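>>> With the sequence up front, the predicted model follows.
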Amino acid sequence: MKIYVLVKEVPDTYGDRKLDLETGLADRAAGDVVLDEITERALEVALTYAGKDPDTEVVALTMSPESSTASVRRALAIGAGSAVHIVDEQLRGADLSLTAETLAAAIRRGEPDLVITGNLSTDGSGGVIPAMLAEHLGWAQATALSAVEISADQVTGTRAGDDGTQQVTATLPAVISITEALPDARFPNFKGIMAAKKKPSRCSPR
């Protein structure tokens, strides 16, 4: 199985945030940036399954500036086997529609069986990218999952609501998003950090 995990670099929530008044965009050079915690949790879901099935390939996918290389390397150090880094200056400040269209094109090219994302990024908080990806790809979707079980041909999860929980199942290929109820990502050890330097990280134009 091949699993794509969407990872995203965001401003550190514990740091200062500033708006570039000329562009209307967040000034990412104004403070520290980190790999979004919810995307690390999504990566952990993929790696947990890969630990049970050694034939599983886990690929980190991001659309971000070239300066985000350190965050891509962190995803590799945590355990992703490879990464696809979409770099295109014309995508700077892209809205949700263009972001979803671009990511979907990269996913089609990679032909994964499953795409895992966080449900909500800490910077944009749009929360619609998973559903938009599923629409572009024509795949099943299961969003806002608080528990996930992956098998060779389907994914099953639990979605929590105000009136209880709901069990959902999607046949692969599918797009799923997870919530912060899922476990924290494993911490990269020295071996993982050194191995990340040798893992492939493909920079790809849109």
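Done, it's in.
>>> now the helices: where do they sit in this protein?
Remark: helices assigned in the chain by DSSP state H are 37-52, 69-78, 96-110, 129-137, 190-196.
>>> Turn those into TSV, including mean pLDDT, mean neighbour count and distance to Ala170.
(Each C-beta comes from the backbone N, C-alpha and C, glycine too.) TSV is the format used below for the helices of the chain (pLDDT from 0 to 100; neighbours: other C-beta atoms under 10 Å; distance: least, C-beta to C-beta, whole Å):
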stretch	mean pLDDT	mean neighbour count	distance to Ala170
helix 37-52	95	20	14
helix 69-78	93	22	24
helix 96-110	96	17	15
helix 129-137	97	20	9
helix 190-196	66	13	30
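>>> Out of those helices, which is closest to Ile176?
For Ile176, the closest of the helices of the chain is helix 129-137, at 7.2 Å, according to C-beta to C-beta.
>>> Look up how far Ser97 lies from Asn119.
Distance, Asn119 to Ser97, by C-beta to C-beta, to the nearest Å: 19 Å.
>>> Met63 touches Thr102, doesn't it?
Yes: contact criterion C-beta atoms under 8 Å: Met63 and Thr102 qualify, at 5.7 Å.
>>> about what we covered before: mind putting the helices of the chain in JSON lines, distance to Ser151 included?
Below are these laid out as JSON lines (distance: least, C-beta to C-beta, whole Å):
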{"stretch": "helix 37-52", "distance to Ser151": "9"}
{"stretch": "helix 69-78", "distance to Ser151": "23"}
{"stretch": "helix 96-110", "distance to Ser151": "21"}
{"stretch": "helix 129-137", "distance to Ser151": "19"}
{"stretch": "helix 190-196", "distance to Ser151": "27"}
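>>> Which of these sits closest to Glu9?
Closest among the helices of the chain, using C-beta to C-beta: helix 69-78, at 4.0 Å.
>>> Please list the outside residues in contact with that closest one.
5, 7, 9, 33-35, 39-40, 43-44, 47, 60, 62, 64, 82-83, 85, 185-188, 192-193, 195-197, 199, 201 (C-beta atoms under 8 Å, 6 or more residues apart in numbering).
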